[in-house]
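# sequence and predicted structure are below.
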Amino acid sequence: MNLNTPPRELLRALFDAAIASAQPSAAVPPHLPDPASIKGRLVVIGAGKASAAMARAVEAHWAGPPEQLVGLVVTRYGYSVPCERIEIIEAAHPVPDEAGLKAAERIKAFVQGLSEDDLVLCLISGGGSALLPAPAPGLTLADKQDINAQLLKSGASIGEMNCVRRHLSTIKGGRLAALCHPARVLTLLISDVPGDQLPDIASGPTVADASTCADALAILERYRIQVPPAARALLESGEGETLKPGDARLARCETRLISSPQIGLEAAARLAREAGYGVCILGDSLEGEAREVGRVMAGISLQVATHGQPLPAPCVLLSGGETTVTVRGHGRGGRNVEFLLALGVALKGQAGVWALAGDTDGVDGIEEIAGALLTPDTLERARALGLKAAASLDNNDGHGFFGALGDAVVTGPTLTNINDFRAVLIQNAHP
């Protein structure tokens, strides 16, 4: 890779580098426990888009007796990998299904009756919230599906969504760790949330949570989310409260963050520098409406192209985090393609500015498409096809727009998830 590498090729290489940095095969082994420290069994449980690949890494590098290892994890449909002693279950994401409900009940039963000599190795990654639906008493899977679908369309942040999920569950918000008591619990986390807030990664099934039922109620009111009477009663009574810091059932729990969005951005930055580009990492936890973040990024890109600030071209601006989309249209959308549409509209075909945005799990929204690529001539090529970027943005139709141009980015299941990746490449505007 160098300054003569085509921007399309370099941007895709940066995205691939970020994904490669978060592969469980490399991230998990350094954190596996010493078999000699375990008197009982190593009980592996987990949930998330990376959980199956994490389980395979455990099996491949476990140095203890095979019979000491047992396990059960749940991952997204299509993300399963072969394992011998750890059972892999597939379920739906982002809206939970019956398979996820059964998986959650099986995992809860799986950790019953553990002793102080056992060690629970909990493998958690992004997507675990939807993959472990365990409705609180009085609620049904249909209730959780409806609330989840409303939250996804509302524009609520991932932290807000997971606050609600934690307080309407029997497994999230530290409750899974409580079920494992008195066994030791070691949780390995691959973060997909802004700021790597532990209670927000898969809604924190094994960590303490300082948020309250009142916080969850305020979020429901803020976004006008309709919930059944049983859910409201649970929150208003405080019976949906999560485990708080200092809870004795969490005393033997340890948590390790083994990969994160920042690690992915740094991997991409190294590759960009090796290719001769200046690099500015703008942040690993950018949030807000995707279209607004796109407009802001356009302003920064134009400042670079016009004034060489905050750094001169050729350069790459990198950012991560999780934006939101308030759905108003009826198109095939996702937050990354929404970001790119807004960026393209604001740039107005600015010479020398390219961009790629994608979800590192390979799925932007509900499409099996990671994201897309924006080029200096995107708007021109779209007009030739009778497409208007602004109209597609209004209709939340990013996938339809970029798909028609042949600029969709498709990775297939990446077996990991460190949130969204955004790279804006700015060449010299007037070479």
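Right, received. Where do you want to start? Numbering: from 1, shown residues only.
# got the confidence number for the closest residue in space to Gly48 that isn't next to it in sequence?
Nearest residue to Gly48, sequence neighbours excluded (C-beta to C-beta, 6 or more residues apart in numbering): Ser125, at 3.1 Å. To be clear about C-beta, it is placed using only N, CA and C from the backbone, and glycine gets the same treatment. Note on Ser125: pLDDT of 95.
# contacts only, for Ser125.
The contact partners of Ser125, by C-beta atoms under 8 Å, 6 or more residues apart in numbering, come to 46-51, 54, 189-190, 192, 201-202, 416-417.
# ok, now with 7 Å
Each residue near Ser125 by C-beta atoms under 7 Å, 6 or more residues apart in numbering is listed here: 48-51, 54, 190, 192, 202, 417.
# now swap in Ser51 and tell me
Per C-beta under 7 Å, 6+ apart, neighbours of Ser51: 73-75, 123, 125.
# widest-spaced pair of those residues?
Val74 and Ser125 (11.1 Å; C-beta to C-beta).
# in which helix or strand does Leu121 reside?
In this assignment (DSSP states H and E), Leu121 forms part of strand 119-125.
# quick one: that strand to chain centroid distance?
17 Å (C-alpha atoms, centre = their mean, to the nearest Å).
# do the same with stretch 325-344
Using C-alpha atoms, centre = their mean, the offset of stretch 325-344 from its chain centre is 17 Å.
# average pLDDT across it?
Rounded mean pLDDT across stretch 325-344 is 92.
# for stretch 86-94, same thing?
95.
# before we move on, what about stretch 153-173?
On average, stretch 153-173 scores 93.
# do the same with stretch 262-281
97.
# need the contact partners of it.
Here stretch 262-281 makes contact (C-beta under 7 Å, 6+ apart) with 1-3, 5, 10, 13-14, 17-18, 20-22, 284, 310-312, 314-318, 320, 360, 418, 421, 423.
# and stretch 342-351, by the same measure?
Under C-beta under 7 Å, 6+ apart, the answer for stretch 342-351 is 290-291, 294-295, 297-298, 301-302, 305, 353, 355, 374, 376-380, 389-390, 393, 429.
# which among these end up buried?
By neighbour count, with 16 or more other C-beta atoms under 10 Å, the contacts of stretch 342-351 hold 290-291, 294-295, 297-298, 301-302, 305, 353, 355, 374, 376, 378-379, 389, 393, 429 as buried.
# the contacts of Ser125: which two are farthest apart?
Met54 and Asp192, at 13.3 Å, using C-beta to C-beta across these.
# returning to what we had before: same list, the contacts of Ser125, but as TSV with secondary structure, distance to Val111 and pLDDT please.
Listed next are the contacts of Ser125 as TSV, based on DSSP: H, G, I helix; E, B strand; the rest coil; distance: C-beta to C-beta, whole Å; pLDDT from 0 to 100:
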residue	secondary structure	distance to Val111	pLDDT
Gly48	coil	17	95
Lys49	coil	22	94
Ala50	coil	20	95
Ser51	helix	15	96
Met54	helix	17	97
Ile190	strand	21	96
Asp192	coil	24	89
Ala202	helix	16	94
Asn417	coil	24	90
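# with those residues in mind, which one is nearest to Asp146?
Nearest member of these to Asp146, counting by C-beta to C-beta, is Ala202, at 20.5 Å.
# residue contacts, the closest one?
By C-beta under 7 Å, 6+ apart, the neighbours of Ala202 are 47-48, 124-126, 128-129.
# so how far is Pro133 from it?
12 Å (C-beta to C-beta, to the nearest Å).
# do a quick rundown of the strands in the protein.
42-47, 69-76, 86-91, 119-125, 184-190, 253-259, 278-286, 315-321, 353-359, 371-374, 408-409, 420-426 (DSSP state E).
# tabulate those strands (CSV), appending distance to Lys102.
Below are those laid out as CSV (distance: least, C-beta to C-beta, whole Å):
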stretch, distance to Lys102
strand 42-47, 13
strand 69-76, 9
strand 86-91, 8
strand 119-125, 19
strand 184-190, 23
strand 253-259, 26
strand 278-286, 34
strand 315-321, 33
strand 353-359, 27
strand 371-374, 32
strand 408-409, 33
strand 420-426, 30
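# so which of these is nearest Gln145?
strand 86-91 (12.3 Å).
# the closest one pairs with which strands, parallel or anti?
strand 69-76 (parallel) (DSSP bridges).
# contacting residues around the strand it pairs with?
With C-beta under 7 Å, 6+ apart as the criterion, strand 69-76 contacts 41-49, 51-52, 55, 62, 85-91, 93, 100, 103, 106-107, 110, 123, 127, 131-132.
# pull out the buried residues from the residues you listed.
For the contacts of strand 69-76, buried by 16+ other C-beta under 10 Å: 41-49, 51-52, 55, 62, 85-91, 93, 100, 103, 107, 110, 123, 127, 131-132.
# show me what contacts Leu114?
Per C-beta under 7 Å, 6+ apart, neighbours of Leu114: 43, 120, 180, 183.
# from the residues you listed, pick the one nearest Phe402.
Val120 (42.9 Å).
# touching, that closest one and Pro182? I think so.
No - counting by C-beta atoms under 7 Å, Val120 does not reach Pro182; the two are 10.7 Å apart.
# who has more neighbours, those two?
Between Val120 and Pro182, Val120 has the larger neighbour count (other C-beta atoms under 10 Å), namely 27 against 13.
# how close does the more buried one sit to Gln226?
If you go by C-beta to C-beta, the gap between Val120 and Gln226 works out to 37 Å.
# cool, and Gly128?
For Gly128, the distance to Gln226 - C-beta to C-beta - is 25 Å.
# what does Pro245 give?
According to C-beta to C-beta, Pro245 and Gln226 sit 32 Å apart.
# then Leu188?
Noted for Leu188: a distance of 37 Å to Gln226, by C-beta to C-beta.
# neighbour-wise, which of the two wins?
Neighbour totals were compared for Leu188 and Gln226, and Leu188 leads with 26 against 10 (other C-beta under 10 Å).
# that one bridge partners, please.
Leu123, Arg256.
# run through who's touching stretch 229-247.
Contacting residues not belonging to stretch 229-247 are listed as 136, 138-139, 143, 166-168, 173-175, 178, 208-210, 212-213, 216-217, 249-250 [C-beta under 7 Å, 6+ apart].
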